[in-house]
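> Give me a 3D structure for the following:
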Amino acid sequence: MAQTYLPTLKQLQYLVALKDHGHFGRAAEACFVTQSTLSAGLRELETLIGVVLVERTRRVVRFTPLGERIVDKARRVLREADELSDLARAAGRPLSGEMRMSVIPTIAPFLLPRILPRLRQGYPDLKLFLREEPSGAACESLNTGRTDCVLLALPYACGDVETAPLFDDRLFVAFPEGEYAADHEAVTSSEIDETRLLLLEDGHCLKDHALAACNRPELRAEATMLGTSLHTMVQMVDNGLGVTMLPEMALAAGILDHTHVAARPLKADNPSRRIALVWRKASPRERDFRLLAEVLAQSGAD
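Coordinates of the predicted model:
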């Protein structure tokens, strides 16, 4: 019986990395190998299966149609291989070993400093690798196996996932000091001047949550969407360029410290976003993710 030679997981990792990064050098860096090692591994893979997967030119990396299909299959194989390791970890101590978590930018700088010390103290064997990325990229990372779980804000369609709601994060209107009277306890959506509303650029779900909470279609048309971070938005408001929306966790973390910006709660029917942890359905580490969700929920409540 003839011996069958199969692709190695390492070769499949190289192929997926090249697809994700579109550049041999960046793909090699992502795999922590030299570019020559990655190129050699891909040539060995092509020789093994007898087809060309990647058209190589000086300027462009272009996958063949068959190469595209094999990349998709490689992602599934690598995810299944990860789940083999997950099965072993799930049989051991809770919240131990490596875990990759994506966190959206409007949560990461405000919540992580509160939760990471608690996780280190309570679960010292957990190696939590963090990846900050917008909701769309984070959900793609989850569905392709690049990350194990995602800390995000709902509502957001993240695919076929399990969801553990953690806590509600109220939205506030931030404005230059003196714009509203000191006894103005809350700001209604009708009081917001649509021509002065500053929001995060497309790709940040907080923008959509803020617009949905206001329930004023003209805000979407008139608001200026150019901020790349909440800290940038605060600086623009501090310079008198307009008003913006901030989540309560950012205020609690001191985002307005040393500024002349004030904030009042948004008065609306649904003035909050819901923070949640999501992971792939049928994951062997569901017990770990639910335990992690309990820790995150407690940190959010403190």
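
> What's the end-to-end length of stretch 118-129?
Stretch 118-129 has an end-to-end distance of 15 Å (C-alpha to C-alpha, to the nearest Å).

> what residues does that stretch touch?
Residues external to stretch 118-129 that are found in contact with it (C-beta atoms under 8 Å, 6 or more residues apart in numbering): 93-101, 116, 292, 295, 298-299. Yep, even glycine has a C-beta here, placed from its N, CA and C like the rest.

> now do 10 Å
The set of residues external to stretch 118-129 that reach it, using C-beta atoms under 10 Å, 6 or more residues apart in numbering, is 92-102, 112, 115-116, 147-149, 288, 291-292, 295-296, 298-299, 302.

> Narrow those residues to those in helices?
Within these, residues falling in helices by DSSP state H are 112, 115, 116, 288, 291, 292, 295, 296, 298, 299.

> Show the buried residues in the residues you listed.
Buried members of the ones in helices among the contacts of stretch 118-129, counted by 16 or more other C-beta atoms under 10 Å: 112, 115, 288, 292, 295, 296, 299.

> now, which of the residues you listed sits nearest residue 69?
Closest to residue 69 out of these is residue 288 (32.9 Å), distances taken as C-beta to C-beta.

> Starting from the lengthiest strand in the chain, tell me which strands it pairs with and how they run.
In the chain, ranked by residue count with DSSP state E as the criterion, the top strand is strand 161-176. Strand pairing for strand 161-176, determined by DSSP bridges: strand 243-247 (antiparallel), strand 261-267 (antiparallel), strand 272-280 (antiparallel).

> Let's have the buried ones among the ones in helices among the contacts of stretch 118-129 in TSV, adding distance to residue 65.
Putting these into TSV (distance: C-beta to C-beta, whole Å) gives the following:
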residue	distance to residue 65
112	42
115	45
288	39
292	40
295	46
296	43
299	47
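
> Mind picking the two most distant members of those residues?
112 and 288 (18.1 Å).

> Would you state the strands of the stretch 51-200 of the chain in chain order?
Using DSSP state E, counting those that start in this stretch, the strands of the stretch 51-200 of the chain run over residues 54-56, 61-63, 97-103, 126-132, 149-154, 161-176, 187-188, 197-200.

> Indicate which one of the ones you listed is closest to residue 272.
Among those, if distance is taken as C-beta to C-beta, the winner is strand 161-176, at 4.2 Å.

> low-confidence ranges in this structure?
Counting by pLDDT under 70, the ranges of the chain that qualify are 1-5, 85-92, 181-182, 203, 219-223, 225, 300-302.
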